[in-house]
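Visitor: Sequence and predicted structure are below.
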Amino acid sequence: MKAAAAPARAAPLERLALGLAALASGAIVWAASGQLVVVAGFAAGLIALGALAWVLGRPRAVAAEPGYAMPDWSVTVTAIDRADAAVAITDRAGRLVCANPRYEEWFGAGHAPPRLAADNASLERLAKAGRSAWRDGKGSADLIESPTGRWKASALRSGRGDDYLVWTFAPLSSPDPVAELVPHLDGKMGRALAQAGFSLAIVDPDGTVRAASAGFAQRATGDANAQLIGQPFVALLRQDEGDRITWARDGKKGAPLSLFYLPVADPDAPGSPDYEATPSLILIADHGVGLGGGAGETTAAVPHLEALIGPLPLGLAMADRDGRLLFANPAFMRATGREGEVVPIYPTDLVVQEDKGPLSDTIRRYAQGPAASGDIAVRLKGQPEEPVSLSLAGVRGLGEASVLLSLTDSSEESRLKRQVAQATKMQAVGQLAGGVAHDFNNVLTAILGTCDLMLLRHTPGDSDYDDIQQIRANSNRAASLTRQLLAFSRQQTLRPEVLQLPDVVSDVSHLLKRLIGEKIQLSVTHDRDLGPVRADPTQLEQVIVNLAVNARDAILAKGDGGGKVSLATRRVSAAQVRAMPGGIMPQADYTALVVEDTGTGIPADHLSKIFEPFFTTKEQGKGTGLGLSTVYGIVKQSGGFIFAESDHGKGTRFTVYLPVHHAGPGQSQASVRAELPEASAQQWSGGGRILLVEDEDMVRAVAQRALTRAGYEVTVASDGDEGLELVEAGGEFDLVVSDVAMPAMDGPSMAREIRKLHPAMPVLFMSGYAEEQLRKEIDIDGVHFLPKPFSVQQIGDKVGAVLGAEKG
């Protein structure tokens, strides 16, 4: 209001000045013109301008615009103050505008979301939630993990200009072993222990009672319903000059008590538990022994302790000051691999010779020194190759019992570790074997091709004919070995079909009877309603033959004059797979092939190695060591699983699981074209211009000579770049024959570039790898494959078949 008064007072003076100026102007006009009419016109104009100025300058009522007060963030902090969640507000620059106390406690005021002290995966989820909130108005992150906790986060865009994000972090509940234990204090377990003379209480690290059983409350206060939560635990007990502990309410005449202290730590929590910051389960024995008890009371403490921890699922044992085992619960004996056996005299009897001394010294140190705890790595006699962690804790007030030993049953974990290690090793060996076999195939291609070309110049009567045939036969034998290596490495060419497993078993059963002999009985059984599988029938027959021959050899090695080989097909449902231990196979329906024998069995130390290539227990010259490795590769390449079980001296059982094939939508036109039956070479005799691309000189030379003899005009290139240059230079070709793996530009890359120039150009790839695998990796329509090694006739027939199919 003060700012508007001055202009109001100045208005009369302004009007007076304007009037005087108008009179002066009129006088000047009169003096200059001397005519009344001119002066009158000038005066009328001034009056009109003055009226217009008065109308425009008259004050008008202006509608007040709504105003916004500056935000008061202290009010916002009060509004978002929550005890169950952390709330923070950030602006578009990512700065922390305000946060509630819970946020400062959990994350600190120096960190603004999404840049918090969390792992990389959590930071990525937070950043994604922030981007979604700025874009869509809200975002969320289901899991944020940091060293201090786990949370679920949400972000909400807010503000008049949508310039802020409101972040909310709600803690995720984690398993609390203390919370799980509290209901049992007054449950059946608490009542059973009370009848045995034990009172139970859970004490927090600060020494206050968190929970107590009715029996504890009865003994401590005389009232079973007394509320002891939050009271100091030591105030309920007293200790006399002889270090005897009694109930405080009983005074000096109270009976001595024995206190058992068990830290309640989460066994699944990462890292070693911090016992000083862990709640404790305190068990008080009415008729036990105190710190100053005599020998008779000492003897009475051990049975109470054994009755207490005997049923627990944790592997626990107690040792005296001399290192002798006083007792061990069944879980401890099970973890050591001696379930059901008599407890040994010393803990050192459970470990290998090299660990006896260190374990004995450690037990003696914890028994005689101050109360402490720790771990020691030992190797059990039953598992000398798998070190385990043995936890030890010195205890006081239990008489003879001086050291508590804890051992967790890790047999399942160790089994899974061995399976993972074995699978990793098999994969590495398979990659190596596949690479070696592929390179060896190039050498064999040159040898076989050279032999074929030499045989064209020699007749059966020539002196060199037999030698060349011998070289060719040995080369074919080597090619068979490379195919087995490729089968193991899952890189061989398969021709999968949808089939019924019993049909394959039926086709090969007649051969099996001749292979295993008349003295060995062959039994074949089938389940009903078996699902179809998709596999190469020829390779499945090889799997069955290899397993049956191994079974025959095991029975003959037993030397009892006979035996039995059983073949069975089984229907395995997804529910049965779900119930299997280990969780190795995906949950689905399977058709299983079981091959079982009554032979010598496989020793346990050999069972993990039987699928490795070149591993064999047969005599020198009686086995290549590739039979089971080939089976393993075929099964894995077919999408299945194989497991071996053996009882040494009684027999072995191999189980092959193949997934049930479910019919899908029709095949694409490209796949149909690739699987059309090709015309035979005899149907094509028109010759043709061939572009041959191969980086191996010896393979290229053999293939060029073979195709030239077959009547083709062959142009050669040593790599993909050179082959592409020939096409780009205007070369006209009817077919491109190329290797797959080459330096610089490989075969598939060259084929794609050629197809850009000539879309209908047919391509024939030569490779030692599996056709199905290559088709998935190459992803080019209308290509053909010729597996290595190949003979002169095979490459000629294949080229003729491809040209016949394309030209026909």
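Guide: Arrived safely.

Visitor: So for Ala153, what's the pLDDT?
Guide: pLDDT, Ala153: 91.

Visitor: Regarding it, what are the backbone dihedral angles?
Guide: phi -110, psi 150 (degrees, to the nearest 10).

Visitor: which residues in the stretch 401-550 of the chain form helices?
Guide: 411-455, 465-488, 501-516, 537-558 (DSSP state H, counting those that start in this stretch).

Visitor: Identify each buried residue in the shortest one, please.
Guide: When you say that, I think you mean helix 501-516. Leu501, Pro502, Val504, Val505, Val508, Leu512, Ile516 (16 or more other CB atoms under 10 Å). The way it works is simple: take the backbone N, C-alpha and C, and place the C-beta from them, glycine included.

Visitor: Now tell me what touches it from outside.
Guide: Applying CB atoms under 8 Å, 6 or more residues apart in numbering, the contact partners of helix 501-516 are 522, 524, 526, 530, 533, 537, 540-541, 544-545, 548-549, 551-552, 565, 567, 569, 591, 593, 658.

Visitor: how about the buried residues of helix 501-516 in a markdown table, adding distance to Ile690 and pLDDT?
Guide: Converted to a markdown table, these look like this (distance: CB to CB, whole Å; pLDDT from 0 to 100):
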| residue | distance to Ile690 | pLDDT |
| --- | --- | --- |
| Leu501 | 43 | 91 |
| Pro502 | 46 | 90 |
| Val504 | 39 | 89 |
| Val505 | 44 | 89 |
| Val508 | 40 | 83 |
| Leu512 | 45 | 83 |
| Ile516 | 49 | 83 |
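
Visitor: right, and out of those residues, which lies closest to Ala473?
Guide: Ala473 lies nearest to Val508 out of the buried residues of helix 501-516, by CB to CB, at 25.8 Å.

Visitor: Mind checking which of the contacts of helix 501-516 are buried?
Guide: Members of the contacts of helix 501-516 classed as buried by 16+ other CB under 10 Å are 522, 530, 533, 537, 540-541, 544-545, 548-549, 551-552, 565, 567, 569, 591, 593, 658.

Visitor: Would you tell me which strand is longest in this protein?
Guide: strand 383-394 (DSSP state E).

Visitor: for that strand, packing partners?
Guide: Here strand 383-394 touches helix 353-368, strand 373-380, strand 403-407, going by 3 or more CB pairs under 8 Å, 6 or more residues apart in numbering; DSSP states H and E.

Visitor: Of all those, which one is nearest Gln218?
Guide: Among the helices and strands packed on strand 383-394, strand 403-407 sits nearest to Gln218 (CB to CB), with 28.3 Å.

Visitor: Met580: neighbour count?
Guide: 13 (other CB atoms under 10 Å).

Visitor: how much space between it and Ser646?
Guide: Plainly put, Met580 is 18 Å away from Ser646 if you go by CB to CB, to the nearest Å.

Visitor: Can you name the next helix or strand after the host helix or strand of Glu104?
Guide: Using DSSP states H and E, Glu104 maps to helix 101-106. Downstream of helix 101-106, the first helix or strand assigned by DSSP H and E is helix 120-136.

Visitor: now for the very next helix or strand once past that following helix, which elements pack on it?
Guide: Scanning forward in sequence from helix 120-136 by DSSP H and E, the next helix or strand is strand 138-146. For strand 138-146, the packing partners by 3+ CB pairs under 8 Å, 6+ apart come out as helix 120-136, strand 149-158.

Visitor: hmm, back to that, would you turn the buried residues of helix 501-516 into CSV with distance to Ser629?
Guide: Output for the buried residues of helix 501-516, formatted as CSV (distance: CB to CB, whole Å):
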residue, distance to Ser629
Leu501, 22
Pro502, 26
Val504, 21
Val505, 22
Val508, 20
Leu512, 21
Ile516, 21
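
Visitor: Please work out the average pLDDT along stretch 649-659.
Guide: 91.

Visitor: got the contact list for that stretch?
Guide: Residues contacting stretch 649-659 (CB under 8 Å, 6+ apart): 501, 533, 535, 543, 547, 551, 554, 572, 585, 588-602, 631, 635, 638-646.

Visitor: Buried ones only from those residues, please, as a PyMOL command.
Guide: To isolate the buried members of the contacts of stretch 649-659 in PyMOL, using 16+ other CB under 10 Å:
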select buried, resi 501+533+535+543+547+551+554+572+585+589+590+591+592+593+594+595+596+597+598+599+600+601+602+631+635+638+640+641+642+644+646
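
Visitor: Can you name the residues that contact Ala86?
Guide: Applying CB under 8 Å, 6+ apart, the residues near Ala86 are Ala99, Asn100, Arg102, Tyr103, Glu105, Trp106, Phe107, Trp151, Trp167, Thr168, Phe169.

Visitor: can you pick the most crowded of those?
Guide: Neighbour-wise, the contacts of Ala86 (other CB under 10 Å) top out at Trp167, 29 neighbours.

Visitor: In which helix or strand does it reside?
Guide: Per DSSP H and E: strand 164-171 holds Trp167.

Visitor: So in that sheet, which strands flank that strand, and in what orientation?
Guide: According to DSSP bridges, strand 164-171 forms sheet pairs with strand 86-91 (antiparallel), strand 149-158 (antiparallel).

Visitor: Report the inter-axis angle for that strand versus helix 120-136.
Guide: 140 degrees (axes from the mean of the first three to the mean of the last three CA atoms, to 10 degrees).

Visitor: List the contacts of the longest strand of the chain.
Guide: Contact partners of strand 383-394, identified using CB under 8 Å, 6+ apart, comprise 335, 337, 352, 359, 362-363, 366-367, 369-380, 402-408, 410, 414.

Visitor: That one to strand 403-407, inter-axis angle?
Guide: Put simply, strand 383-394 runs at 140 degrees to strand 403-407, going by the same axes, to 10 degrees.

Visitor: Any buried residues in strand 383-394, and which?
Guide: For strand 383-394, by 16+ other CB under 10 Å, it's Val388, Leu390, Ser391, Leu392, Ala393, Gly394.
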